[in-house]
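Trainee: Here is the input, now give the coordinates:
(chains A and B, ligands or ions: 6)
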Protein chains: 2
Amino acid sequence: EQEDTDDGQSLVFADLTPEEMAQVVRYLQGNLGVQLVDASRAKPSDNCIASVDLQVPAKAEVLRFLDGGGARPPREALAVLYFGNQPDPNITEYVVGPLPTPAYHRDVTVQKYRGKVPYHRRPVTGKEYMDINALIQQELRKAPRFLATCCESDGTDLAILTTAPRGFKSGDRATWFVLFHSMAGTGYYLLPVGLEVLVEHRDLRVSHWQLRQVFYNGRYFASMGVLEEAFVASLLEVVRIPKPQTEAVLGSMRPQRPPGSPGPLQYEPQGPRYSIRGNRVTFQGWSIAFGMNPNSGPRLFDIRYRGERIVYELSLQEALALYGSNCPGGMLTRYLDGSFGIGRFAYELVRGLDCPYTATYVDRHYLAESETPKTNQNSLCIFEHDAALPLRRHFSDSQSLYYGGLRKNTLVIRAISTLINYDYIWDFMFHGSGAVEVRVHATGYISSSFLHGQGTDYGNRVGPHTLGTMHLHHIHYKVDLDVDGQLNSLETQDMAYKIVKEPWSMQNTIERLYLRRERLEREDKAAFLLNTPMPRYLSFASPNPNKWGHPRSYRIQITSFAGEHLPASSSMERSISWGRYQLAVTRRKEEEPTSTSIYNQNDPWTPTVAFADFIDNETITNEDLVAWISVGFLHVPHAEDVPNTVTVGNGVGFFLRPYNYFDEDPSVDSPDSIYFSSE
Amino acid sequence: EQEDTDDGQSLVFADLTPEEMAQVVRYLQGNLGVQLVDASRAKPSDNCIASVDLQVPAKAEVLRFLDGGGARPPREALAVLYFGNQPDPNITEYVVGPLPTPAYHRDVTVQKYRGKVPYHRRPVTGKEYMDINALIQQELRKAPRFLATCCESDGTDLAILTTAPRGFKSGDRATWFVLFHSMAGTGYYLLPVGLEVLVEHRDLRVSHWQLRQVFYNGRYFASMGVLEEAFVASLLEVVRIPKPQTEAVLGSMRPQRPPGSPGPLQYEPQGPRYSIRGNRVTFQGWSIAFGMNPNSGPRLFDIRYRGERIVYELSLQEALALYGSNCPGGMLTRYLDGSFGIGRFAYELVRGLDCPYTATYVDRHYLAESETPKTNQNSLCIFEHDAALPLRRHFSDSQSLYYGGLRKNTLVIRAISTLINYDYIWDFMFHGSGAVEVRVHATGYISSSFLHGQGTDYGNRVGPHTLGTMHLHHIHYKVDLDVDGQLNSLETQDMAYKIVKEPWSMQNTIERLYLRRERLEREDKAAFLLNTPMPRYLSFASPNPNKWGHPRSYRIQITSFAGEHLPASSSMERSISWGRYQLAVTRRKEEEPTSTSIYNQNDPWTPTVAFADFIDNETITNEDLVAWISVGFLHVPHAEDVPNTVTVGNGVGFFLRPYNYFDEDPSVDSPDSIYFSSE
Ligand SMILES: [Ca+2]
Ligand SMILES: [Ca+2]
Ligand SMILES: [Ca+2]
Ligand SMILES: [Ca+2]
Ligand SMILES: [Cu+2]
Ligand SMILES: [Cu+2]
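Mentor: Ligands and ions are numbered 1, 2, ... in the order given. Okay, here's the model as predicted:
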């Protein structure tokens, strides 16, 4: 009864296998004509492979293959290289193919980004952080008496947390690092000691890096030496924080009670009702190709329901965390998690907690900052969930006694990314009503600043010296809906009242509710700024009617508690200009595959991709359209965010719901539906 | 480990037992000195008992008893009587006590409503509908040829659906009734034949009632006779609709496929972890007294977490459904479901579909329009649900390898009300984080109009002759939070940016995120109009700080997609003036127990309770406060609402979340929490 007729066609979207990654690495090592150093050891002045991922074939090509009986597109990889050891250091992106035995590589950088990508835009590698840490350690040794007093430390036991962006203008690479008491087995993020240091690491020669500023407890110093002098001269107000020793440290997740009796568990009397073949899962008429981009995270393709494609691509684009604080690291921080790696930091899921015991767990493989693939075992889970809610139901005792309905059983595809302190739970859910639900929950540790001065203007105190710093979580999705074909238009509907005479006596007035239908003709009309009113109904409509004459459509319904977008006056605003809009619908372009770039984090002042440029008032009627959706919330951490933010109330997302797409609710065909009557 | 130390104290909130109801009826029959007719047979010119429900004791009295060691308040009932057989017909409300053996009754009508309640405001009883139906049937016989042609009917097989309100000014009682093809075992609501009739039923003498207007297919007629004449003279455009015969009738819920293999089920390895004693349920530190008001539905009292009361009362107040259409019944309809009976129409729940098989099912008893109690068996369910999501979790591989978290297991209290065509699923959920979640989903049959003319200005066509009429669902809750005592203030927090020089070099600017904290001092400031911006954080704060110096608070977070409120120009707007506000916080008054009245439906032009009057700019700092919360959505029915509206995407609600109430997340104490590390 599963429509599992896909004959490996969806492998066109499949993430690279470890073997394919290895082949690409071997090819690059042999064919670039330059010396490559493994990224885990490479200095800024070396050449290295930053990442190898699937090069998703062009949509036209894929559709010719899937729908038109055309040839299978060649399988290709996208290799990102950091060329530090060249006269003009740069980042270069190659398409390498065909797999499994590469024979060509094509430099796509200029075509993709309309110019070369300067080297300074590259993400900071693990090796670069190690070198910075070494520098900081060396500098800390210049303030031994201060450190002993403030922190019961010689510096070597402190944890060092990066911030970003790293300056104020293109080319800058100077980062504030925040220092914490660290303790094995618990999150150091809640234990700032009050010390932060600004490291200049722009030069390709590590030996030229330097510590540029020091912050301690509200004051700034030129160096650790100056700080030590101030301390020795008793000119420094030191807040003595004992080194955490006990199990009861702030933020410990160790259970404080022995385990109790287990709560309700899920079982599948006749086994799973979904099936997984390669990168495709099928379930009650649904069929979805799934994968993970190492940087931007989950990506789904070719989402079909009952054989008809509804979504060509549904992919996470970016997760922004934008902070406020009265400490330098915190007040600057605007993390663009895609540049850290939302996909490759999606780790193994814990059975029975992160997903049900009964879930199917799937491995993912990444090649990032290395020459050998890394496997994140069981890092994606798929399961059917009983929502303990009717999908629909009606009980009648008027006229006749009957009851009908069915349970809401949902297919869930989940991954969880741990981005340093934070954990984002990415859910993609497929309902028996033909609706897709996309949801993200935030959990994990909050980020914090050392509490001093007017700190509570930026959050709440959550520990003896800990300020839980306020921040925004803003998250961006690309949704390339193809509703009954590629050519769609954007329709809106909303309500209004009209005051009219009642028609049967014309003596009284009625405030009569009516529907306002509109078709939005151009991109500028279809770009809805954050926190402004949006029509209550908004749908991708096909030119073809359903049985009742209405355009076959899917409706987009967003649940979000977004904060305010960064003011346009900010010199980095264009790099996150996707955040201006709660929803923007654009004409789909092969040249506009993503709303952001991993290079935006370290040069947000000259964004490599600026989403706002996509919105250039093209017509959007009967075109291949993409919906770009922002969701998020303002997070003011409070005592209950310790040890970890809870998911309750911290979830946002959106629905894609059939709207006159069918002739009736498709769940009438479900084998799960129940009916009985008094007859 | 359950804190089940309640020694029957919460019985002070318990719904009346059938025995208590019977005692009250017996007392009333013997002590009012008037002749009472059973409401199921009573004519408008008779006296009858409309309902008997618990008279909830005054809060001060209850708290003296629960917290102050005071005496148990006398147990009392509230009896509503329709006095049609009096010189001045009226509605009278008596408090009757003490139970179990009543000895007194007190007419509280004037005190409660500041005046007598005119008889014309009474809800329409089942008997009144029967008499109206008889009149309509008699009238239909005057158009036999028309009915045979339009509907293959002699009229007797048509279903008749009421609308409301019933006129345009106080005293009116003239109702449009909509006629449908009816078929046993399925919802007739989707099968309008195009005929609607206006019945005048104001006179207390049924014999004086009359049919005042007839609507058919876009035209109005003075009577059925005139309609028949027009038909016979071929002056009528008749839309012939065959009588539904087959199983494939529009809206059938009969499964179209044989049952498949069962989906995932829940089991409780060591049995339920919650316990129920009388009207109180306890679960992992939670303790809740539950009950049902026959009219307004679910009501919870004395919600405690870890022994501390958080909410004194959490109760549904009203559900409004406000329609648009180009047929008279539809364009007028503003159902106030409380006057129909949200509680007493909460019917038996179906095991394994409405709630899990493992749930505990509880009976409810009602005395309404009868002299004998009626039992709605298994009409409330309580269960623990595995949300298949972590409540919180963090995985670390930086510095040290560890993992901690716990599952999101939620206690759910649920009832489902069937209000003619519609089913509302009322959920109250209690989380391990100390948060309460309140949620309502809409399902069941849509209401519809006969499709004619510009019908699609009011919805979508969903069948051959069926217009799914657009409407609002707006729902109102009372939340008497008592956060760390009764004296609370309302605090808001929101974000803003300030452009400042970065403090370490003063050379660059930062758009610095900061927190704006405010205390709202007066009711007018704390009344937030629908669809206007509201501070992102809004909480009930106690004067007492938590460990970190912040006021112990609970935050209110609302998820709603509300439509536009009825314009103030409407002569009935004040009767639903609670709908003006997404949130309003008022000083709690014993004299303001509810935001509406069951008498508002039939005289909305002189509302018996007008919520807007509660907001009279009293100070709300350090007072006993109540939050009144509106949630809802605009529903434009579409093809997929047939047979029934699905719950996916049609849920709204709110959270009550601890906000610096504790010193850390209370789930750290949960026996469900899990931790492991590489050590
Ligand atoms: Ca464009
Ligand atoms: Ca598209
Ligand atoms: Ca007041
Ligand atoms: Ca209160
Ligand atoms: Cu957060
Ligand atoms: Cu509805």
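
Trainee: Enumerate the residues of chain A near ligand 2.
Mentor: A:480, A:482, A:624-625 (C-beta under 5 Å from the ion). The C-beta positions use only the backbone N, C-alpha and C, and glycine is treated the same way.

Trainee: now those in CSV, with distance to chain B?
Mentor: Shown next, in CSV, are the residues of chain A next to ligand 2 (distance: C-beta to the nearest C-beta, whole Å):
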residue, distance to chain B
A:D480, 20
A:D482, 19
A:D624, 24
A:L625, 20
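
Trainee: what two of those are the furthest from one another?
Mentor: A:D482 and A:L625 (8.8 Å; C-beta to C-beta).

Trainee: what residues do these two have in common as contacts?
Mentor: A:N488 (C-beta atoms under 8 Å, 6 or more residues apart in numbering or on different chains).

Trainee: Was I right to think A:V585 contacts A:V626?
Mentor: Yes: counting by C-beta atoms under 8 Å, A:V585 touches A:V626, with 7.0 Å between them.

Trainee: Distance check, A:N376 against B:G453.
Mentor: Separation of A:N376 from B:G453 (C-beta to C-beta, to the nearest Å): 60 Å.

Trainee: what does A:L161 give?
Mentor: Between A:L161 and B:G453 the computed distance is 66 Å (C-beta to C-beta).

Trainee: Which one's more surrounded, the two?
Mentor: It is A:L161, of A:L161 and B:G453, that has more neighbours when counted by other C-beta atoms under 10 Å in any protein chain shown, with 20 against 10.

Trainee: Most proximal residue of the stretch 101-250 of chain A with respect to ligand 2?
Mentor: Here the residue of the stretch 101-250 of chain A nearest ligand 2 is A:K112; by C-beta to the ion that distance is 20.9 Å.

Trainee: In this structure that residue contacts A:T92, no?
Mentor: No: look at A:K112 against A:T92 with C-beta under 8 Å: they stay out of range, at 10.6 Å.

Trainee: Of the two, which one has the most company?
Mentor: With neighbours defined as other C-beta under 10 Å, A:K112 and A:T92 compare such that A:T92 has more, 21 against 17.

Trainee: On the pLDDT front, check the residue of the stretch 101-250 of chain A closest to ligand 2 for me.
Mentor: We have a pLDDT of 97 for A:K112.

Trainee: for the stretch 1-150 of chain A, what spans make up the helices?
Mentor: A:18-31, A:59-68, A:109-113, A:126-140, A:144-151 (DSSP state H, counting those that start in this stretch).

Trainee: Please list the outside residues in contact with the longest one.
Mentor: Residues lying outside helix A:126-140 but in contact with it, judged by C-beta under 8 Å, 6+ apart, are A:39-44, A:147, A:154-156, A:158, A:160, A:162, A:175, A:177, A:197, A:199, A:201, A:206, A:209-211, A:223-224, A:369.

Trainee: Turn the helices of the stretch 1-150 of chain A into a markdown table, including distance to B:G405.
Mentor: As requested, the helices of the stretch 1-150 of chain A are arranged in a markdown table below (distance: least, C-beta to C-beta, whole Å):
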| stretch | distance to B:G405 |
| --- | --- |
| helix A:18-31 | 29 |
| helix A:59-68 | 39 |
| helix A:109-113 | 40 |
| helix A:126-140 | 26 |
| helix A:144-151 | 29 |
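
Trainee: Check chain A for me, the residue farthest from its geometric middle.
Mentor: A:S505 (58.7 Å; C-alpha atoms, centre = their mean).

Trainee: Tell me which residues touch that one, please.
Mentor: Contact analysis of A:S505 by C-beta under 8 Å, 6+ apart lists B:Q213.

Trainee: pLDDT of stretch A:201-221, averaged?
Mentor: Averaging pLDDT along stretch A:201-221 yields 98.

Trainee: Distance-wise, check the residue in chain A positioned nearest to ligand 3 relative to chain B.
Mentor: Distance from ligand 3 to each residue of chain A (C-beta to the ion) is smallest for A:E511, at 27.3 Å. From A:E511 across to chain B, the span is 5 Å (C-beta to the nearest C-beta, to the nearest Å).

Trainee: and that residue, what are its bridge partners?
Mentor: Beta-bridge pairing for A:E511 (DSSP bridges): A:I499.

Trainee: Contact partners for it?
Mentor: Going by C-beta under 8 Å, 6+ apart, A:E511 touches A:497-499, B:566-567, B:569-570.

Trainee: In TSV: these, plus pLDDT.
Mentor: Output for the contacts of A:E511, formatted as TSV (pLDDT from 0 to 100):
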residue	pLDDT
A:Y497	98
A:K498	98
A:I499	97
B:L566	97
B:P567	97
B:S569	94
B:S570	97
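
Trainee: If you rank the residues you listed by neighbours, which is first?
Mentor: So for the contacts of A:E511 (other C-beta under 10 Å), the most neighbours sit at B:L566, 23 neighbours.

Trainee: Leaving out sequence neighbours, find the closest residue to it.
Mentor: B:E573 (5.1 Å; C-beta to C-beta, 6 or more residues apart in numbering or on different chains).

Trainee: surely that neighbour meets B:P567?
Mentor: Yes: contact criterion C-beta under 8 Å: B:E573 and B:P567 qualify, at 7.0 Å.

Trainee: Please report the distance of the residue of the stretch 101-250 of chain A closest to ligand 2 from A:E618.
Mentor: According to C-beta to C-beta, A:K112 stands 20 Å off from A:E618.

Trainee: and what of A:T596?
Mentor: Taking C-beta to C-beta, one finds A:T596 at 20 Å from A:E618.

Trainee: A:R254 too?
Mentor: Distance from A:R254 to A:E618, by C-beta to C-beta: 56 Å.

Trainee: Those two: which is more packed in?
Mentor: A:R254 (17 against 14).

Trainee: Contacts only, for the more buried one.
Mentor: Per C-beta under 8 Å, 6+ apart, neighbours of A:R254: A:185-186, A:247, B:404, B:675.

Trainee: quick one, phi psi at it?
Mentor: phi -60, psi 130 (degrees, to the nearest 10).

Trainee: With A:T418 instead?
Mentor: phi -100, psi 110.

Trainee: On the pLDDT front, check it for me.
Mentor: Confidence score, pLDDT, at A:T418: 97.

Trainee: how deep is the residue lying closest to it once chain neighbours are set aside tucked in, by neighbour count?
Mentor: In space, and not counting its chain neighbours, A:T418 is closest to B:F395: 4.9 Å by C-beta to C-beta, 6+ apart. Close neighbours of B:F395, defined as other C-beta under 10 Å, add up to 21.

Trainee: Would you mind confirming that B:F395 makes contact with A:A415?
Mentor: No: using C-beta under 8 Å, B:F395 is not in contact with A:A415, being 11.9 Å away.

Trainee: A:V249: what's it in contact with?
Mentor: A:183, A:186, A:191.

Trainee: Please report how far A:S595 lies from ligand 1.
Mentor: 12 Å (C-beta to the ion, to the nearest Å).

Trainee: Local confidence estimate at that residue?
Mentor: Looking at A:S595, its pLDDT is 98.

Trainee: now the one 5 residues further on
Mentor: Per-residue confidence at A:N600 stands at 98 (pLDDT).
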